[in-house]
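> Fold the following and give me the result.
(2 chains)
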Amino acid sequence: AQSVTQLGSHVSVSEGALVLLRCNYSSSVPPYLFWYVQYPNQGLQLLLKYTSAATLVKGINGFEAEFKKSETSFHLTKPSAHMSDAAEYFCAVSETGANNLFFGTGTRLTVIP
Amino acid sequence: ETGVTQTPRHLVMGMTNKKSLKCEQHLGHNAMYWYKQSAKKPLELMFVYNFKEQTENNSVPSRFSPECPNSSHLFLHLHTLQPEDSALYLCASSRDRSSYNSPLHFGNGTRLTVT
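Below is the predicted model of the structure:
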């Protein structure tokens, strides 16, 4: 069975500080992994995806994530937080490569000026 | 402009009402989805349509009835809902069913409140 766990429903960082949002997955086969972002009053938008190519994946807005099979993790990072990064971030997994994704419960990122 | 438009943005309905949510995509995609987003819960995939044919129904109660008349339009018909059905309902589309090649494009959602 496939699932994702996002540790920390709420993360606060200062503007300019490192952003680290955690995601651990469970999958019986090599997974496809995704990070989506949801800004207030909007739908979700794809940030980046891992599909068995490079383990370090770069996405939009300066975000990147590293697939670590040994740790079953796919944590999202950004070196320097910007006020506009304040949003909710969702990790998702697909075992089949099909678009019936299983999402985590989300992490709300607050950026403190 | 996301390319996926959902109407209405907000809906308040009583438990005996019948209403419909509408989704339209202008991206030329072939697959469309309904998701339910409730506070502190993972997004729940409700229905999937591919080329107008329903390919998934994730044990959704019959008080939710989807309709996909063509690849650009998706409806969710609601009747005799319960207060616990209050949530944000998100429509999404993708070029095809492969997440590798065609990520999901979401609409801004309909905030549903059942009183």
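
> Quick check: beta-bridge partners of the residue in chain B positioned nearest to chain A?
Proximity of chain B to chain A (C-beta to the nearest C-beta) peaks at B:Phe106, 3.0 Å away. (Glycine included, C-beta is placed from N, CA and C.) Taking DSSP bridges, one obtains B:Ala92 as the residues bridged to B:Phe106.

> Tally up the residues packed near it, please.
25 (other C-beta atoms under 10 Å in any protein chain shown).

> Quick check: it vs B:Gln37, distance?
Distance, B:Phe106 to B:Gln37, by C-beta to C-beta, to the nearest Å: 10 Å.

> Please apply the same query to A:Thr77.
25 Å.

> Not counting its neighbours along the chain, what's nearest B:Tyr49?
Excluding the flanking residues, the one nearest B:Tyr49 by C-beta to C-beta, 6 or more residues apart in numbering or on different chains is B:Cys68, at 4.2 Å.

> So for the helix or strand that contains the one you found, what gets flagged as buried?
Element membership for B:Cys68 (DSSP states H and E) is strand B:64-70. Residues B:64, B:66, B:68 are the ones in strand B:64-70 that count as buried (16 or more other C-beta atoms under 10 Å in any protein chain shown).

> which helices and strands sit right next to it?
Using 3 or more C-beta pairs under 8 Å, 6 or more residues apart in numbering or on different chains; DSSP states H and E, the elements in contact with strand B:64-70 are strand B:44-50, strand B:53-57, strand B:73-79.

> which stretches of chain B have low pLDDT?
For chain B, the stretches with pLDDT under 70 are B:1-2, B:99-101.

> most centrally placed residue in chain A?
A:Trp35 (3.6 Å; C-alpha atoms, centre = their mean).

> For B:Asn17, list the residues it contacts.
Neighbouring residues of B:Asn17 by C-beta atoms under 8 Å, 6 or more residues apart in numbering or on different chains: B:78-79, B:81.

> Just among those, which is most surrounded?
Tallying neighbours with other C-beta under 10 Å puts B:Leu81 at the head of the contacts of B:Asn17, with 22 neighbours.

> With adjacent residues omitted, what lies nearest to it?
Closest residue to B:Leu81 apart from its sequence neighbours, by C-beta to C-beta, 6+ apart: B:Val114 at 4.6 Å.

> Save the buried residues of strand B:64-70 as TSV, and put in distance to B:Asn30 too.
Listed next are those as TSV, based on distance: C-beta to C-beta, whole Å:
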residue	distance to B:Asn30
B:Phe64	22
B:Pro66	16
B:Cys68	11
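
> for the residue nearest to B:Tyr49, what are its contacts?
B:Cys68 makes contacts with B:32, B:49, B:52-54, B:74-75, as judged by C-beta under 8 Å, 6+ apart.

> Check the gap between the residue of chain A found nearest chain B and B:Tyr33 for me.
Proximity of chain A to chain B (C-beta to the nearest C-beta) peaks at A:Gly43, 3.0 Å away. As judged by C-beta to C-beta, A:Gly43 and B:Tyr33 stand 11 Å apart.
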